[in-house]
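Chemist: just coords:
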């Protein structure tokens, strides 16, 4: 029977970056994911690296560390992550106050620039000038999240890590110590287990009585084939409805609903945005829902109609482009405080989940995680 030093549950960017750091510095690591190459939050991410958003010394340091790592990743992983710096336009609807929204970004490491309608459309001609009152501009980093994730996983196995494509059904415990995991067909044992399972983190831990403040949203977007049109900037709304929904869904009054079946915690919201990748395909989204069941079903047809309607108002040339609807779970924590580290009251179990700006923060926090383990 093989007993691994570390077992990582989840093959998205959090699990892949952490497994890589654990294997490269400590060794004997197993990563388990049912299919790390599709249908997770990393695969359907916009790929943004908001290095401008640091509002405290800690987050500013993390932004700097994250960007330094991403600049070096193509060489470290010996693969192209499509890293680049692009324009970010946070669009302001014509019924919103630019000055009021600008106040939300005044504490950022890089000062925001408020653009009028003409300046905004000069940077992004596909925008509908009658739908906006301007935009807030930031310089922004960008990667291809799929290629970056695949590069991490490929390098992890190249340096000796082991990957099994299976779904973890439950954690195995002995005397308040987590000793392994059970999949449909196998049992795996490890001295230390890290849950990086994104939207499934909460339910996986609850099965053995572990409750931590990690929640999840259901996210929906459209993905197009490569298109001939050119999008110059990454477009997102300045008034982020998703963050408001997350706050509303984790109040004390709503907490009990998360443990009940088939509950809609709060009404769905939409944040119309779009990004184009190097191969010219687009990701357009997103609808966000908070529902207590991670396997809850939504109606693709109505969702696609809602997405096309809102994106079409903002970017008319994109309203009817060919696209496929996708759905995934995204983990989050209240107040954007990621859950990183050892779980209290249990031995052998850690959590690495619930990030805001996951693509930027997961790689440096994975390094810090391993450094903390080595120092003890």
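Modeler: Right, received. Where do you want to start? Worth saying up front: this structure is predicted, and the values here are computed from it rather than measured.

Chemist: spit out the contact partners of the nearest residue to residue 25 once chain neighbours are set aside.
Modeler: With sequence-adjacent residues excluded and distances taken as CB to CB, 6 or more residues apart in numbering, residue 25 is closest to residue 370, at 5.0 Å. To be clear about C-beta, it is placed using only N, CA and C from the backbone, and glycine gets the same treatment. By CB atoms under 8 Å, 6 or more residues apart in numbering, the residues touching residue 370 are 18, 21, 22, 25, 26.

Chemist: which residues touch the helix or strand harbouring the first one?
Modeler: Right, residue 18. Using DSSP states H and E, residue 18 sits within helix 13-25. Residues from elsewhere that reach helix 13-25 (CB under 8 Å, 6+ apart): 6, 8-9, 11, 29, 31, 33, 36, 42, 45, 145, 148-149, 152-153, 155-156, 159-161, 194, 196-198, 352-353, 355, 358-359, 362-363, 366-367, 369-370, 374.

Chemist: which among those count as buried?
Modeler: Applying 16 or more other CB atoms under 10 Å to the contacts of helix 13-25, the neighbour count classes 6, 8-9, 11, 29, 31, 33, 36, 42, 45, 145, 148-149, 152-153, 155-156, 161, 194, 196-198, 352-353, 355, 358-359, 362-363, 366-367, 369-370 as buried.

Chemist: just after the longest strand belonging to the chain, pick out the following helix or strand.
Modeler: For the chain, the strand with the greatest residue count under DSSP state E is strand 264-276. Proceeding N to C from strand 264-276, the next assigned helix or strand is strand 282-291, under DSSP H and E.

Chemist: which other residues reach stretch 274-287?
Modeler: 44-48, 82, 142, 144, 219-228, 230-231, 234-235, 242, 268-273, 303, 306-307, 311, 315, 318, 321, 323.

Chemist: let's see which of those residues end up in helices.
Modeler: Counted as lying in helices by DSSP state H, out of those, are 242, 303, 306, 307, 311.

Chemist: make TSV out of these and add neighbour count.
Modeler: Putting the ones in helices among the contacts of stretch 274-287 into TSV (neighbours: other CB atoms under 10 Å) gives the following:
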residue	neighbour count
242	19
303	23
306	16
307	22
311	24
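
Chemist: between the residues you listed, which is nearest residue 135?
Modeler: residue 311 (15.7 Å; CB to CB).

Chemist: before we move on, the earlier item: please identify which helix or strand holds the residue nearest to residue 25.
Modeler: Using DSSP H and E, the element containing residue 370 is helix 358-375.

Chemist: isn't residue 222 right up against residue 305?
Modeler: No - contact criterion CB atoms under 8 Å: residue 222 and residue 305 do not qualify, at 10.9 Å.

Chemist: one step back: next step: the contacts of helix 13-25 restricted to strands.
Modeler: 6, 8, 9, 29, 31, 194, 352, 353.

Chemist: which residues does the second one contact?
Modeler: By CB under 8 Å, 6+ apart, the contact set of residue 8 is 15, 18, 19, 22, 29, 30, 31, 32, 193, 194, 196.

Chemist: please report how far the fifth one lies from residue 163.
Modeler: Distance of residue 29 to residue 163, given as CB to CB, to the nearest Å: 10 Å.

Chemist: shared neighbours of those two, which are they?
Modeler: Common neighbours of residue 29 and residue 163, using CB under 8 Å, 6+ apart, are residue 156.

Chemist: more neighbours: which of residue 222 and residue 305?
Modeler: residue 222 (24 against 11; other CB atoms under 10 Å).

Chemist: per-residue pLDDT, the residue nearest to residue 167 when sequence neighbours are not counted?
Modeler: With sequence-adjacent residues excluded and distances taken as CB to CB, 6+ apart, residue 167 is closest to residue 34, at 4.1 Å. Looking at residue 34, its pLDDT stands at 88.

Chemist: so how many other residues sit close to residue 34?
Modeler: Residue 34 has 17 nearby residues by other CB under 10 Å.

Chemist: any of the contacts of residue 370 buried? List them.
Modeler: Buried among these (16+ other CB under 10 Å): 18, 21, 22.

Chemist: out of these, which is nearest to residue 264?
Modeler: The closest of the buried ones among the contacts of residue 370, once distances to residue 264 are taken by CB to CB, is residue 18, at 32.1 Å.

Chemist: quick check: closest non-adjacent residue to that closest one.
Modeler: Using CB to CB, 6+ apart, the closest residue to residue 18 is residue 366 (4.3 Å).

Chemist: and the one you found, what does it touch?
Modeler: Contacts of residue 366 (CB under 8 Å, 6+ apart): 14, 17, 18, 20, 21, 352.

Chemist: tell me the one among these nearest to residue 188.
Modeler: residue 18 (16.9 Å).

Chemist: measure that closest one to residue 354 for me?
Modeler: 14 Å.

Chemist: what is the mean pLDDT for stretch 345-355?
Modeler: 90.

Chemist: which ones are touching residue 339?
Modeler: With contact taken as CB under 8 Å, 6+ apart, residue 339 is in contact with 201, 212, 213, 214, 333, 351, 352, 353, 354.
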